[in-house]
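Peer 1: mind looking at a prediction? Sequence and model below.
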Amino acid sequence: MNRKRLLRTIGPGLAIAATGVGAGDLMAAMLAGAEFGAVLLWVVVVGAALKFCLNEGVARWQLATGTTLLEGWNRHLGRPFSVLFLLYLVVWSFIVAAGLMSACGVAAHAVVPGLGIRFWGIIHSLVALALVAAGRYGLFERLMKVLVGLMVMTLVASVLIVDVDWGAALRGLLLPLLPAGSAATVLGLMGGVGGSVTLLAYGYWIRERGWTGRDRISEVRLDLGVGYLLTGIFGMAMLLLAAAVLGGRGAGMPEGSAGLVALGEAIRSAVATGTAGGAGRAAGLVFLIGVWAAVATSTLGVWQGVPYLFGDFLAVLRRETADTVSTTGLPYRAYLLYLALPPMVLLFIDRPVWVIRLYTMTSGLFMPFLAGSLLWLTTRRRLVGSLTVGRLAAAGLVAALCLFVALGVRQLLG
């Protein structure tokens, strides 16, 4: 395949992989690098591979059956499940939207500190709302490609600026070692590359591309492969940066997005040592722009992709089917407004404890359910025919199921 055809093919995979890389995932990579150095680089690769398997399963089901995974769940699990998932989606969307606004506010404030964090968070939500409401899918995909390119290039440039131990990096990539006390870190790092509920948006984005039918599976694999390759590189770059400039100081770092800003300051200080101060400031700024691009892609991807789920579920509950969910229809537009506006209230008040607990309990169950349901549905020849998963893909789904069961148990107990 020549380069022009490759560039025309990839798109939805870049968008879905980048949408799943939020501030929490960046923090997981940062803390892993700060505490264990480059030893856990291989974990980022495995995590990206497992998310590839899950997304490929979502697309496999849709290409084989002509129905979305949500339609498949409703048909094979029943309407009560659809109602429960809709309730979960509403809670998940509210908490995640507020978190994305906050992360965008922190990142933008770090780059342009003249304006407040809340102001920046609200501006990012409104800009994403306007872009999604006014533009078509093609505009969204082009914007995501630009932002993905920016986030990867800035993080790779930051790695090249700081003093990385490349021998240790190579060993960490090729030798799967588990340092003492690293089990919890490995679980969080492996589960953090590439999203959760947002994985379902991929089915709607490939429909927008016109990818239907079994013969499109090779394009899907190429598209997802490039997407998760780039986000895997981004995650490894974050881990290497933390290993190079923090080196054992992870325990003292602030939580959440503020920790990423602190890493930017550490990069600035590390580069400034022995050089002109301007070089240090530039290095810190390059890193922070990459962090901003990462959280901005997550926000834009959630605002554009999640309303499809709401519109599809309403159609399923009404026993309707459609080739696409209209982005100009009332269900899509109403849910877009729900994502962009009401969660702003959490920027000004502490999040209610009961909402956090409900979100924690339900989110700990979703990813194991997604992996388990894909394993069950895509291994049945009577349902997917020639696209029945092979042994390698089935092994990937089993591994993903085991990982997310462990993560879910840990999250629920925590």
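Peer 2: Done, it's in.
Peer 1: need the mean per-residue confidence for the host helix or strand of V45.
Peer 2: Assessed by DSSP states H and E, V45 sits inside helix 41-65. The pLDDT scores in helix 41-65 average 91.
Peer 1: neighbours of the closest residue to A283 other than its chain neighbours, just the number please.
Peer 2: Nearest residue to A283, sequence neighbours excluded (CB to CB, 6 or more residues apart in numbering): V271, at 4.0 Å. The way it works is simple: take the backbone N, C-alpha and C, and place the C-beta from them, glycine included. Neighbour count of V271, defined by other CB atoms under 10 Å: 24.
Peer 1: and for D223?
Peer 2: Other residues lying near D223 total 29 when counted by other CB under 10 Å.
Peer 1: surely T185 meets M30?
Peer 2: No. Judged on CB atoms under 8 Å, T185 makes no contact with M30 at a distance of 11.0 Å.
Peer 1: looking at the two, which is more packed in?
Peer 2: Remark: of T185 and M30, M30 carries more neighbours, 24 against 20, as counted by other CB under 10 Å.
Peer 1: now do the contacts for that one.
Peer 2: M30 makes contact with M238, L239, L241, A242, L246, G250, M253, G259, L260, L263, according to CB atoms under 8 Å, 6 or more residues apart in numbering.
Peer 1: among those residues, which lie within helices?
Peer 2: Using DSSP state H, the members of the contacts of M30 that fall within helices are M238, L239, L241, A242, G259, L260, L263.
Peer 1: surely the last one touches A244?
Peer 2: No. Between L263 and A244 there is no contact, the gap being 10.5 Å when judged by CB under 8 Å.
Peer 1: comparing the two, which shows the higher neighbour count?
Peer 2: L263 (30 against 24).
Peer 1: report the separation between that one and L26.
Peer 2: Shown here: L263 relative to L26, a distance of 9 Å by CB to CB, to the nearest Å.
Peer 1: measure how buried L150 is and give me the count.
Peer 2: By other CB under 10 Å, 17 other residues sit near L150.
Peer 1: so what's Y204 closest to, chain neighbours aside?
Peer 2: Of all residues not flanking Y204 in the chain, Y308 sits nearest, at 4.0 Å (CB to CB, 6+ apart).
Peer 1: give me the neighbour count for that neighbour.
Peer 2: Counted with other CB under 10 Å, Y308 comes out at 25.
Peer 1: and it, what helix or strand is that in?
Peer 2: For Y308, the element it lies in under DSSP H and E is helix 277-317.
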